[in-house]
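J.: Here you go, sequence then predicted model.
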Amino acid sequence: MGCRLVSLIRDSTALTLAGALEGKDHPALGVDAGEIAGSGRAGLLITEDLSILMGRGEVVIDFSAPAATLEHMRTVAHHRGAMVIGTTGFSAVQLDELRALAQRIPCVFSPNMSVGINLICKVIGEMAKTLGDDYDIEVIEAHHRLKKDAPSGTALKIAEVLARSVSRDLNQVGVYARKGLIGERTKGEIGIQTVRAGDIVGDHTILFGGMGERIEVTHRASSRDTFALGALRAARWVVQQPAGLYDMMDVLNLR
């Protein structure tokens with residue numbers, strides 16, 4: 001994601017690359033960001049110190065890991081910058097800190113920056129309300145073999161949207177695995193199933209199963225550019241907002 005962001009920012013007429021960040025001891029530290037991204041020399045060396053970059057730009061885009069994201073967010077809050085976060089896998093405690101820090105800076109936080117996925121989240125809520133309790137709901141997601149968290153943040157977001165739309169608590173009705181003699185499907189449960197294989201960029205399917213028909217809504221990402229372009233759209237939007245926590249539904253005016 002970092003490489004695609006660097007390349008797409010360099011191609012943008014609306015945005016300028018101010019710097020690039022990597023973790024401590026990463027082999028790319030000190031190397032030109034554009035060369036690492038494969039887009040030609042950028043004249044900016046990758047650093048591990050976000051503080052030295054804060055005076056050069058207005059917004060930090062973060063696709064890393066929960067602990068690193070929160071460390072970066074503390075730095076951004078100290079410098080009164082803005083932030084776009086696409087990191088997933090936060091614990092409940094980490095999310096509490098993220099929300100608290102977002103009261104000090106404008107921040108877009110979304111598990112999926114794709115315009116298509118966020119439009120689907122808008123549509124499936126209405127579908128779930130209309131179909132009602134007579135249709136079973138399943139969410140199936142597939143990602144590459146290197147993804148560390150499961151289910152994906154996007155699948156959880158989708159399941160939360162669906163549960164809220166039919167007045168259910170996902171903590172009570174979410175089913176994340178099935179094995180053995182489990183009995184009939186319980187009334188109201190929402191299944192969230194995970195696939196990990198190869199180099200799958202990201203597939204998400206929402207299945208509404210009724211008696212006599214099945215409705216499926218599927219989004220397949222064929223390139224990480226769809227997430228990077230959404231993040232850049234969020235970056236242009238968030239710098240014009242007051243402090244607070246936003247998501248892509250806000251960016252796309254889908255509320």
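T.: Yep, that arrived.
J.: Tally up the residues packed near the closest residue to I190 other than its chain neighbours, please.
T.: Closest residue to I190 in three dimensions, ignoring its sequence neighbours and counting by Cβ to Cβ, 6 or more residues apart in numbering: I137, at 4.8 Å. Bear in mind the C-beta positions are built from the backbone N, C-alpha and C, glycine included. I137 sits with 26 neighbouring residues when counted by other Cβ atoms under 10 Å.
J.: Quick one: residues contacting V123.
T.: If a contact means Cβ atoms under 8 Å, 6 or more residues apart in numbering, then V123 has V217 as its contacts.
J.: gap between it and H72?
T.: The span separating V123 from H72 equals 33 Å under the rule Cβ to Cβ, to the nearest Å.
J.: The helix or strand hosting the residue nearest to I190 pairs with which strands, parallel or anti?
T.: Assigned by DSSP states H and E, I137 falls within strand 136-143. Each strand that strand 136-143 pairs with, and the sense of that pairing, follows from DSSP bridges: strand 190-196 (parallel), strand 202-210 (antiparallel).
J.: I'd like the next helix or strand past the last one.
T.: Taking DSSP H and E as the definition, the helix or strand that follows strand 202-210 towards the C-terminus is strand 213-221.
J.: picking up where we left off before, mean pLDDT, mean neighbour count and distance to M113 for the strands paired with strand 136-143 - can I get that in JSON lines?
T.: What follows is those, written out as JSON lines (pLDDT from 0 to 100; neighbours: other Cβ atoms under 10 Å; distance: least, Cβ to Cβ, whole Å):
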{"stretch": "strand 190-196", "mean pLDDT": "97", "mean neighbour count": "18", "distance to M113": "20"}
{"stretch": "strand 202-210", "mean pLDDT": "97", "mean neighbour count": "19", "distance to M113": "11"}
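J.: who wins for proximity to F90 among these?
T.: Judged by Cβ to Cβ, the one of these that comes nearest to F90 is strand 190-196, at 16.9 Å.
J.: contacting residues around that closest one?
T.: By Cβ under 8 Å, 6+ apart, the surrounding residues in contact with strand 190-196 are 136-145, 147, 150-152, 155-156, 159, 162-163, 168, 170, 173-178, 203.
J.: what's the answer for stretch 240-251, then?
T.: With Cβ under 8 Å, 6+ apart as the contact definition, stretch 240-251 has outside contacts at 82, 98-99, 102-110, 112-113, 115, 118, 121-122, 230, 233-234, 237-238, 254-255.
J.: Any quick ChimeraX command for the buried ones out of the residues you listed?
T.: Command for ChimeraX that selects the buried part of the contacts of stretch 240-251, burial taken from 16 or more other Cβ atoms under 10 Å:
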select :82,98,102,105,106,107,108,109,110,112,113,115,118,121,230,233,234,237,238
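J.: Now, the contacts of stretch 240-251 that are in strands?
T.: Here DSSP state E is the test, and the contacts of stretch 240-251 give 82, 106-109 as lying in strands.
J.: Now render these as CSV, adding pLDDT.
T.: Conversion of the ones in strands among the contacts of stretch 240-251 to CSV gives the following (pLDDT from 0 to 100):
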residue, pLDDT
A82, 98
P106, 98
C107, 98
V108, 98
F109, 97
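J.: so which two of those are the farthest from each other?
T.: Greatest spatial distance in the ones in strands among the contacts of stretch 240-251: A82 and F109, 11.9 Å, computed using Cβ to Cβ.
J.: Okay, helices next: where are they in the stretch 151-255 of the chain?
T.: Remark: helices of the stretch 151-255 of the chain, listed N- to C-terminal, are 153-165, 170-173, 225-238, 248-251; assignment by DSSP state H, counting those that start in this stretch.
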